[in-house]
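Chemist: Give me a 3D structure for the following:
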Amino acid sequence: MLYPVVGVPLVGTDLYSRYMQYKYIRCLERAGAKVQLLAPDRMGGVGAGEALGAESLESVIELCAGFLFPGGPDIWPALYGQEALPECGKPDRIRDAFELPLLRAALEAKKPLFCVCRGMQLLNVALGGTLLQDIKPKQECEHWDFWHRATATHAVELDPDSLLSHLLGTSSTTVNSIHHQAVDDLGKGLWVAADSPDGFPEALELEEYPFCLGVQWHPEHMAAKTPAQRRLFEAFVKACREQETP
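Modeler: Now for the predicted structure:
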């Protein structure tokens, strides 16, 4: 398929959310994908605490060659077996209930996955991992710099054997950062492909999986000025295209 369909959960409908969503759409379309936004009301009217129906999941998995899971609010801590701390942000229970079963179904179908910020954390939770609800007491470098999101905030070290290192062509790089939580215990099969100077996971990959990349930073904001970050979208879309090729 020349233009593979990539499913992207809807970030929101307000002006700010639409701006954030547009960044993902632009990067995916420039990489050669056709974007299908996925909203709960298009999949059976999912509400807070509800799960997606098997029929709805099956149809979306069949429609999309791959899935990008975008950034957003904190994940409900009960989903990874914890009580919410005061520092934890307010979760979007509708997004949680919508995206978690969708991600698990995509994993089961071995669809190419690109998971950004919250998306990487959701990937970890989907595979049984946990999160640090607030990294501020342990951080040693800046991890929240929204106003400079198009440029680098801190360095990351890449595992030289990782897909990420291969795509970026380096064993170290600098990235932007807009998060206050981080991956803690790793989910089954995941391994750390990059970490920050203060030891927080900055990228995850999944063993024995066709294409699964999670990054804690936001390449969609850096792509316009940093060509290397575009390669992540290009590699993901290429994997989606190959998924659709007979």
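
Chemist: switch to C-alpha atoms for all contacts and neighbour counts from now on
Modeler: Fine.

Chemist: pLDDT averaged over the longest helix seen in the chain, what's the number?
Modeler: Assignment by DSSP state H gives helix 227-244 as the longest helix of the chain. The average pLDDT for helix 227-244 rounds to 94.

Chemist: helices or strands next to it in the packing?
Modeler: Packed against helix 227-244 by the contact rule (3 or more C-alpha pairs under 8 Å, 6 or more residues apart in numbering; DSSP states H and E) you find strand 5-9, helix 15-30, helix 163-168, helix 219-222.

Chemist: by how many degrees do that helix and helix 15-30 diverge?
Modeler: Orientation of helix 227-244 against helix 15-30 (axes from the mean of the first three to the mean of the last three C-alpha atoms, to 10 degrees) gives an angle of 70 degrees.

Chemist: thinking again about what came up before, between the helices and strands packed on helix 227-244, which gets nearest to residue 234?
Modeler: helix 15-30 (7.7 Å; C-alpha to C-alpha).

Chemist: Please compute how far the longest helix of the chain lies from its chain's middle.
Modeler: 14 Å (C-alpha atoms, centre = their mean, to the nearest Å).

Chemist: Contacts for it, please.
Modeler: 1-6, 27-28, 31-33, 65-66, 111-114, 164, 167-168, 210-211, 219-220, 222-224 (C-alpha atoms under 8 Å, 6 or more residues apart in numbering).

Chemist: if we go to 7 Å?
Modeler: The contact list for helix 227-244 (C-alpha atoms under 7 Å, 6 or more residues apart in numbering) reads 1-2, 4, 27-28, 31-33, 65-66, 112, 114, 167-168, 211, 219, 222-223.

Chemist: Residue 98 is in contact with residue 38, isn't it?
Modeler: No: if you go by C-alpha atoms under 7 Å, residue 98 and residue 38 don't touch, sitting 9.4 Å apart.

Chemist: Tell me which of those two has more neighbours.
Modeler: More crowded of residue 98 and residue 38, by other C-alpha atoms under 10 Å: residue 98, with 25 against 18.

Chemist: Confirm that that one sits in a strand.
Modeler: No: assignment of residue 98 by DSSP: H, G, I helix; E, B strand; the rest coil gives helix, placing it outside any strand.

Chemist: Grab the nearest non-local neighbour of residue 85.
Modeler: Counting by C-alpha to C-alpha, 6 or more residues apart in numbering, residue 85 lies nearest to residue 133, which is 7.1 Å off, once chain neighbours are set aside.

Chemist: Give me the pLDDT for that neighbour.
Modeler: pLDDT, residue 133: 98.

Chemist: Was I right to think it contacts residue 181?
Modeler: Yes: the pair residue 133 / residue 181 is scored as a contact, 5.2 Å apart, by C-alpha under 7 Å.

Chemist: any idea which helix or strand carries residue 59?
Modeler: helix 54-63 (DSSP states H and E).

Chemist: for the very next helix or strand once past that helix, packing partners?
Modeler: Next along the chain after helix 54-63, taking DSSP H and E as the criterion, comes strand 66-69. Where contact means 3 or more C-alpha pairs under 7 Å, 6 or more residues apart in numbering; DSSP states H and E, strand 66-69 is packed against strand 5-9, strand 113-116.

Chemist: Contacts made by strand 66-69 with the rest, please.
Modeler: For strand 66-69, contacts defined as C-alpha under 7 Å, 6+ apart pick out 6, 7, 8, 9, 111, 112, 113, 114, 115, 116, 119, 240.
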